[in-house]
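Novice: need a structure here:
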Amino acid sequence: MSRIIVLTRHPQNHASGRFAAARPQADLALLDPFELELRLAAGAAEVWMTGRRLNCAGCVVVPRIGSLAPEYTLNVLEHMVAAGARSLNPHAGLLRLRHKFSMLGALAGAGLPVPDSALLRSTADFDTTVEQLGGYPVVLKFVRGGQGVGVIKAPDGDTVRSVLEALNLLQYDVLLQRYLPGAAQSDLRVLVLGGVARWAIQRTSGAGRFRSNFHRGGSVVPAEITPEVADLAQRAAAAFGLGLAGVDIAEEDGRRYILEVNSSPGFEATEGAHGADIAGAILDYAATF
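Specialist: Numbering: from 1, shown residues only. Next up, the predicted model:
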């Protein structure tokens, strides 16, 4: 069994390709969690694939499990650890990060600055909530999602009410958040590896957009990691026990806020901006984890 296992549903994406190129096949395996079978035999956890039991003992898992990943992927990670593997990012941390309001609550509980936020189902009194969030516009976010998908700038009450009512019918929660003009235009994505803030990029939103994600048309340049930024990013990753994390930080009126923590961060833009072998660095760290 390979010492390092990248657990991913997307073997063809940028990160998977970079991981595969960074290590010989004998030392690295990219496994689709849907191809794995979980068993309990005589009370012991076993992981099977194509009719054979995998020896997970001594392996390190690099989970590429985003907030939209099916629950089965988390079950696989938890079971692999029970079978003797170690995970770069723990099951408990990933579980907390699947819900953005839960994520913000954990950050706030760790004494870290987050934007004023609210989670609600009823539209009966949301005007008061919006007032407490600084008035319109407000930001609506799906509680699960990534790469800027499911983020809406709501200019008025009709928009808020329509989105809330439509998604509540689907039993889907929506996060309301104070609109930060500075964050809408630019933010920092900091990659934390092994508890150290290693690389940062400044992302600027594209023309006519208010989200700065690289995958939503934003531009990126290398950014300096100041002591304050390093402290915020490292504490944010530690709040979830993450060995690898992408931490999004924005500045508004001279104060920095943590917008999001990603346990499966993409690094295409960061590698390009810094000319760095981030995939190799991640695997090097995993090999010593």
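Novice: can I get the CA coordinates of stretch 281-289 in CSV?
Specialist: What follows is stretch 281-289 as a C-alpha-only set of coordinates in CSV (Å, rounded to 0.1, in the frame of the first residue of the first chain):
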residue,chain,number,x,y,z
ALA,A,281,5.6,20.6,-0.5
ILE,A,282,2.2,19.2,0.7
LEU,A,283,3.4,15.6,-0.1
ASP,A,284,6.8,16.2,1.5
TYR,A,285,5.0,17.3,4.7
ALA,A,286,2.6,14.4,4.5
ALA,A,287,5.5,12.0,4.3
THR,A,288,6.7,13.2,7.7
PHE,A,289,3.3,13.6,9.3
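Novice: Pull the residues that contact that stretch.
Specialist: The contact list for stretch 281-289, computed with C-beta atoms under 8 Å, 6 or more residues apart in numbering, reads 3-4, 19, 22-23, 27-28, 60, 62, 86, 88, 193-194, 198, 243-244. All C-beta spots, glycine's among them, are computed from the backbone N, C-alpha and C.
Novice: what's the answer for stretch 158-169, then?
Specialist: 120-121, 123, 126, 130, 138, 140, 142, 152, 154, 173-174, 176.
Novice: now that stretch, how far from the centre of its chain.
Specialist: 25 Å (C-alpha atoms, centre = their mean, to the nearest Å).
Novice: Buried residues of it, list them for me.
Specialist: Residues 159-160, 163-164, 167 are the ones in stretch 158-169 that count as buried (16 or more other C-beta atoms under 10 Å).
Novice: Could you pull up the mean pLDDT of it?
Specialist: For stretch 158-169, the per-residue pLDDT values average out at 80.
Novice: Ok, stretch 79-95 next?
Specialist: Regarding stretch 79-95, the rounded mean pLDDT is 97.
Novice: got the end-to-end distance for it?
Specialist: 14 Å (C-alpha to C-alpha, to the nearest Å).
Novice: swap in stretch 21-34?
Specialist: 23 Å.
Novice: can you check stretch 190-201 too?
Specialist: 7 Å.
Novice: likewise stretch 144-159?
Specialist: 20 Å.
Novice: Give me the neighbour count for Glu271.
Specialist: The number of residues packed near Glu271 is 21, by other C-beta atoms under 10 Å.
Novice: all helices in the stretch 101-250 of the chain, in order from the N-terminus.
Specialist: 126-132, 157-169, 181-185, 227-239 (DSSP state H, counting those that start in this stretch).
Novice: hmm, back to that, for the contacts of stretch 281-289, which one is nearest Glu260?
Specialist: Leu244 (14.8 Å; C-beta to C-beta).
Novice: count of residues packed around the closest one?
Specialist: Leu244 has 25 neighbouring residues, counting by other C-beta under 10 Å.
Novice: Against Val196, how distant is it?
Specialist: 11 Å (C-beta to C-beta, to the nearest Å).
Novice: Likewise for Val190?
Specialist: 10 Å.
Novice: Name the residues contacting each of the two.
Specialist: Counting by C-beta under 8 Å, 6+ apart, the residues touching both Val190 and Val196 are Ala230.
Novice: Pick out whichever of those two has more residues nearby.
Specialist: Ranked by neighbour count (other C-beta under 10 Å), Val190 and Val196 place Val190 first, with 27 against 13.
Novice: That's all I had, so thanks and see you.
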